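*Asks:* sharing a sequence plus its predicted fold:
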Amino acid sequence: QQPVQSPQAVILREGEDAVINCSSSKALYSVHWYRQKHGEAPVFLMILLKGGEQKGHDKISASFNEKKQQSSLYLTASQLSYSGTYFCGTENTGNQFYFGTGTSLTVIP
Amino acid sequence: NAGVTQTPKFRILKIGQSMTLQCTQDMNHNYMYWYRQDPGMGLKLIYYSVGAGITDKGEVPNGYNVSRSTTEDFPLRLELAAPSQTSVYFCASSFRGLIVEETQYFGPGTRLLVL
């Protein structure tokens, strides 16, 4: 039930772009994206509800393909502050919420 | 607003001891959640509640119990602590309506070590 994220880890230079994918084997009602810095609680980035929508703010956006049960997070012109572990969280119609395996993102100068 | 608060921040338990992790939110959220996060891993849902008096099991409920007597509080009880319960525990809350779903706000976490 746990969604699978790819890649597991990525290293970027400042200004480069990255894509993080989240894939589920179950039909999804919603997808959440969070960023977690070491030793801290996860922090919300955005929610996408079923309907194939795309959302974004600043240089971070995400898409949700309901038919493929996949979501992607797009980070453009990365900044040092983007470093952390990114988790997708997926919910099916039964109120059960599952976090993904995580993607470690490191941005270097 | 304080948001989601958790106590204690850190605790060491001996095998077989019991304890209650406290979680309080002041945002009038109807949904509350308990997660555990093992080192280097993602979060796993232990229990959740859709409102006062209503709780349900998540992915990893064994060894834990919860109650939700008020909207604000959602304590997590560990009975007969085991080393496998060494983890960081996060409480979260969110507001959900018929057509509205909002983000989960997380507390700062409780680090638990069972020896």
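*Replies:* That came through fine.
*Asks:* only C-alpha atoms for contact and neighbour calcs from this point on.
*Replies:* Fine.
*Asks:* all strands for chain B, in order.
*Replies:* Here chain B has its strands, by DSSP state E, at B:4-7, B:10-13, B:19-25, B:31-37, B:43-51, B:54-57, B:64-66, B:76-78, B:87-94, B:105-106, B:110-114.
*Asks:* cool, and chain A?
*Replies:* According to DSSP E, chain A carries its strands in the segments A:4-6, A:9-13, A:18-23, A:30-36, A:43-49, A:54-57, A:60-65, A:70-75, A:84-91, A:97-99, A:103-108.
*Asks:* coming back round to it: can you tell me which of the strands of chain B comes nearest to A:Leu49?
*Replies:* A:Leu49 sits nearest to strand B:87-94 of all these, at 15.2 Å, using C-alpha to C-alpha.
*Asks:* name the surrounding residues that touch that closest one.
*Replies:* Residues from elsewhere that reach strand B:87-94 (C-alpha atoms under 8 Å, 6 or more residues apart in numbering or on different chains): A:41, B:4, B:6, B:23, B:25, B:29-39, B:101-113.
*Asks:* which of those are buried? Put it as a ChimeraX command.
*Replies:* A single ChimeraX command selects the buried members of the contacts of strand B:87-94 (16 or more other C-alpha atoms under 10 Å in any protein chain shown):
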select /A:41 /B:4,6,23,25,29,30,31,32,33,34,35,36,37,103,104,105,106,107,108,109,110,111,112,113
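*Asks:* okay, now the unreliable bits of the chain?
*Replies:* Assuming you mean chain A. Applying pLDDT under 70 to chain A picks out residues A:51-57, A:93-95.
*Asks:* my bad, the chain I had in mind was chain B
*Replies:* The low-confidence ranges in chain B, as defined by pLDDT under 70, are B:98-101.
*Asks:* please name the residues that touch B:Pro39.
*Replies:* Counted by C-alpha under 8 Å, 6+ apart, B:Pro39 has contacts B:Ser87.
*Asks:* what does chain A have sitting close to chain B?
*Replies:* Taking C-alpha under 8 Å from any C-alpha of the partner chain as the criterion, chain A approaches chain B at residues A:32, A:40-44, A:46-47, A:87, A:96-102.
*Asks:* just the buried residues of those.
*Replies:* Buried by 16+ other C-alpha under 10 Å: A:32, A:41-44, A:46-47, A:87, A:96-102, out of those.
*Asks:* measure B:Leu112 to chain A for me?
*Replies:* Taking C-alpha to the nearest C-alpha, to the nearest Å as the measure, B:Leu112 falls 13 Å from chain A.
*Asks:* same deal with B:Lys14?
*Replies:* According to C-alpha to the nearest C-alpha, B:Lys14 stands 24 Å off from chain A.
*Asks:* next, count neighbours for the nearest residue to that residue once chain neighbours are set aside.
*Replies:* Excluding the flanking residues, the one nearest B:Lys14 by C-alpha to C-alpha, 6 or more residues apart in numbering or on different chains is B:Leu115, at 5.0 Å. For B:Leu115, the neighbour count with other C-alpha atoms under 10 Å in any protein chain shown is 14.
*Asks:* repeat that for A:Gln36.
*Replies:* 18.
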